[in-house]
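A.B. asks: Dropping a prediction and its sequence here:
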Amino acid sequence: MSAEFTTRQAADMLNVSPGHVETLLSEGQVEFRTVGRHRRVLARSLVEYTKADDQRRRDAASEPTRLGQGKGSH
């Protein structure tokens, strides 16, 4: 069995609200399993989401630089 977290633990790890984690789960961005009426976030899926989110942030941060490279070349 792989490691799992409660939605509260996952929220603390991502530094977001538990409600945001619930949204990520509902949208299928992070995998989970249901135990009774509780959701357990799969650790491997949380790590994958974090890596992908970090890459999205890096890409977004570099976008203004990339767009600015064309200025002044006219």
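C.D. replies: Cool, the structure landed.
A.B. asks: could you list every residue that touches residue 42?
C.D. replies: Each residue near residue 42 by CB atoms under 8 Å, 6 or more residues apart in numbering is listed here: 2-4, 30-33. Any C-beta I mention is one placed from the backbone N, CA and C, and that applies to glycine too.
A.B. asks: Mind doing that once more with 7 Å?
C.D. replies: For residue 42, the contact set (CB atoms under 7 Å, 6 or more residues apart in numbering) comprises 2, 4, 31-33.
A.B. asks: How far away from the center of its chain is whichever strand or helix holds residue 23?
C.D. replies: Assessed by DSSP states H and E, residue 23 sits inside helix 18-26. Its chain's C-alpha centre and that of helix 18-26 lie 10 Å apart, by CA atoms, centre = their mean, to the nearest Å.
A.B. asks: What is the subsequent helix or strand relative to that helix?
C.D. replies: strand 32-35.
A.B. asks: what's the average pLDDT for the helix or strand following that following strand?
C.D. replies: Counting by DSSP H and E, the element after strand 32-35 in chain order, helix or strand, is strand 38-42. The average of the pLDDT scores along strand 38-42 is 96.
A.B. asks: Report the inter-axis angle for strand 38-42 versus helix 18-26.
C.D. replies: 70 degrees (axes from the mean of the first three to the mean of the last three CA atoms, to 10 degrees).
A.B. asks: what comes up buried for strand 38-42?
C.D. replies: Within strand 38-42, the residues that count as buried by 16 or more other CB atoms under 10 Å are 39-42.
A.B. asks: After it, which helix or strand is next? Please name it.
C.D. replies: helix 43-68.
A.B. asks: Is it correct that residue 3 is in contact with residue 41?
C.D. replies: No. Look at residue 3 against residue 41 with CB atoms under 7 Å: they stay out of range, at 9.5 Å.
A.B. asks: Any idea what residue 41 is bridged to?
C.D. replies: Counting by DSSP bridges, residue 41 forms beta bridges with residue 5, residue 32.
A.B. asks: Would you agree it is in contact with residue 12?
C.D. replies: No. Assessed by CB under 7 Å, residue 41 is found out of contact with residue 12, at 11.2 Å.
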